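In: All I have is the shape, not the residue letters:
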């Protein structure tokens, strides 16, 4: 290893930085804001996803048998449903059990002792594997012989999927916009550094420096801006998590926040990677343009 | 070594800087390029280190067609051609040593080579004792010697000097010319664009005179004021006041 060479290179990078220090802070700050918002967005999206998953897992299709269907007919439908690959589970609810559950639910609201006969049919509670196919499975069940009716929270499912999709797209759009902004600001920083160091660059070109040697300090500069910005963002996110998470868990106990892994090392490394990539790519693209100009 | 064939250079604004130049410069020679300001001397030098590409014609340096050189190969050419300017173009925040070493370091040279080459050229230009000083602490002549050291540190075959003594007083001018002469004696081809008649007349070397982008005289052991009829009378005193190049040695001597 030629340490003199490395020292020279590092001193060049340091000179780049100190020449346009104010702009470096701007770039680092912009990356930090971007990454904080990206982190927050990912957290919200994961939480929403978890809520959605929770709700979707709970969605059941109620399949009601024709009144007076025989045990054999009921068994046939059960077997059909169990055999379907889209179905996660089928629970048989005989009419007596259905009445008990109804009484449970209506306790204190209606005097259920007034019910002299059981008006409920035998039923199945069906859960599906893929929440997107609830509709399909429901209509499949409806077509079965001796099935009187099928009920499920169709609207709820569709709305949930719709909301999750729209939120995901809006969030992605915002993050893309932020990444773009950060890239522009880094690119501008690089341009200012190129301008501040135009004498050095002119001399480098004059004495036959290779393109690599001329560009590398600038690309490193963008990389460092990105990494420092992301590191700052991670520190802020970690702080927010340690301060806010306990309060959120208390304030919003119904949210499945415990399922959201927001503190993972992979997550941190991913955000750091995003910062580094934005910085490097932005400077890579701009340094060539501004050096030529 | 250096060869120009039918070279013309027209700038985008329409100015014709060079017009059908044919020129051969042999290896190891010492050549002056003289003529008025704006007559194409600097343009001609710029063609040789590929700062400019000719509009027409061939430029060959060290067997390489410079006019056809790919951008990626320009850096290699520049290492075999040293360039020195009137305004030195030193980096003010680097010491003499660092300024000279910079030219090697940015080509990816090994530290071992930097440690060997830099003292060698600083010794050659006589600046070894001042290697830790900054350009602002040096005289003009010393700054120019630093620039020459930087141009030589890559061991170029050719040294191009664009008005190297334009900002210097007569004593410093003589020092620099002696240095360039010594460098030439070591085998480096030296090509100097200048308006300094005293320097040219004292050295008595090959003199190529440019006028309006054309070669109007080319003499071995020539004088600044060509013996060939040129039709235009050179007026260095008047020009030195109007072109802002600073002290003219003719005025101060």
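Out: In hand now; what should we look at? Please read all numbers here as calculations on a predicted model, not as lab measurements. Residues are numbered from 1 along each chain as shown, chains lettered A, B, ... in the order given.

In: Show me where the stretch 151-253 of chain B has its helices.
Out: According to DSSP state H, counting those that start in this stretch, the stretch 151-253 of chain B carries its helices in the segments B:170-185, B:197-203, B:236-242, B:249-252.

In: Would you mind stating the distance between residue B:146 and residue B:193?
Out: Distance of residue B:146 to residue B:193, given as Cβ to Cβ, to the nearest Å: 20 Å. In this view, the C-beta of every residue, glycine as well, is placed from N, C-alpha and C.

In: Residue A:78 now?
Out: Counting by Cβ to Cβ - residue A:78 and residue B:193 are separated by 100 Å.

In: what pLDDT does the closest residue to residue B:126 other than its chain neighbours get?
Out: By the measure of Cβ to Cβ, 6 or more residues apart in numbering or on different chains, the closest residue to residue B:126 outside its immediate chain neighbours is residue B:145, 6.7 Å from it. According to the per-residue confidence, residue B:145 scores 95 in pLDDT.

In: likewise residue B:114?
Out: pLDDT at residue B:114 comes out at 94.

In: For it, pull up the helix or strand it's in.
Out: Taking DSSP states H and E as the definition, one finds residue B:114 inside helix B:111-125.

In: would you list every one of the strands in chain B?
Out: In chain B, strands defined by DSSP state E lie at B:2-10, B:16-25, B:30-34, B:56-61, B:64-65, B:81-85, B:158-162, B:189-194, B:206-211, B:214-219, listed in chain order.

In: what's the closest of the ones you listed to chain A?
Out: Closest to chain A of the strands of chain B is strand B:81-85 (Cβ to the nearest Cβ; 5.8 Å).

In: how far off strand B:2-10 does the closest one point, in degrees?
Out: Interaxial angle of strand B:81-85 relative to strand B:2-10 (axes from the mean of the first three to the mean of the last three Cα atoms, to 10 degrees): 50 degrees.

In: Can you confirm whether strand B:81-85 lies near chain A?
Out: Yes: contact check for strand B:81-85 against chain A, using Cβ under 8 Å from any Cβ of the partner chain: residues in range are residue B:83.

In: tally of neighbours for the residue in the stretch 101-250 of chain B that chain A sits nearest to?
Out: Residue nearest to chain A within the stretch 101-250 of chain B (Cβ to the nearest Cβ): residue B:111, separated by 3.0 Å. Neighbouring residues of residue B:111 were enumerated by other Cβ atoms under 10 Å in any protein chain shown; the total is 17.

In: Do you know the pLDDT at it?
Out: The predicted local confidence for residue B:111 is 91.

In: So which residues on the stretch 1-150 of chain B come close to chain A?
Out: With Cβ under 8 Å from any Cβ as the criterion, the stretch 1-150 of chain B comes near chain A at residues B:49, B:72, B:74-79, B:83, B:89, B:91, B:93, B:102-103, B:105-108, B:110-112, B:114-115, B:150.

In: try it again with 6 Å
Out: Residues of the stretch 1-150 of chain B lying near chain A by Cβ under 6 Å from any Cβ of the partner chain: B:75, B:78, B:79, B:83, B:103, B:105, B:106, B:107, B:110, B:111.

In: show me where the stretch 51-200 of chain A has helices.
Out: Using DSSP H, counting those that start in this stretch, helices in the stretch 51-200 of chain A cover A:71-83, A:95-106, A:134-142, A:154-196, A:198-206.

In: Output the contacting helices and strands for the fourth one.
Out: In other words, helix A:154-196. Counting by 3 or more Cβ pairs under 6 Å, 6 or more residues apart in numbering or on different chains; DSSP states H and E, the packing neighbours recorded for helix A:154-196 are helix A:21-58, helix A:211-251, helix A:265-292.

In: now that helix, how far from the chain's geometric center?
Out: 13 Å (Cα atoms, centre = their mean, to the nearest Å).

In: Against chain B, how distant is residue A:118?
Out: In this structure, residue A:118 lies at 88 Å from chain B, with Cβ to the nearest Cβ, to the nearest Å as the measure.

In: Quick one: low-confidence residue ranges for chain B.
Out: For chain B, the stretches flagged by pLDDT under 70 are B:226-253.

In: most remote residue from it's center?
Out: Residue distances from the centre of chain B (Cα atoms, centre = their mean) peak at residue B:112, which lies 28.7 Å from the mean C-alpha position.

In: quick one on the thing from earlier: could I get the helices of the stretch 51-200 of chain A as CSV with mean pLDDT and mean neighbour count?
Out: Rendered in CSV, the data for the helices of the stretch 51-200 of chain A read as follows (pLDDT from 0 to 100; neighbours: other Cβ atoms under 10 Å in any protein chain shown):
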stretch, mean pLDDT, mean neighbour count
helix A:71-83, 84, 15
helix A:95-106, 79, 14
helix A:134-142, 83, 18
helix A:154-196, 81, 17
helix A:198-206, 89, 18
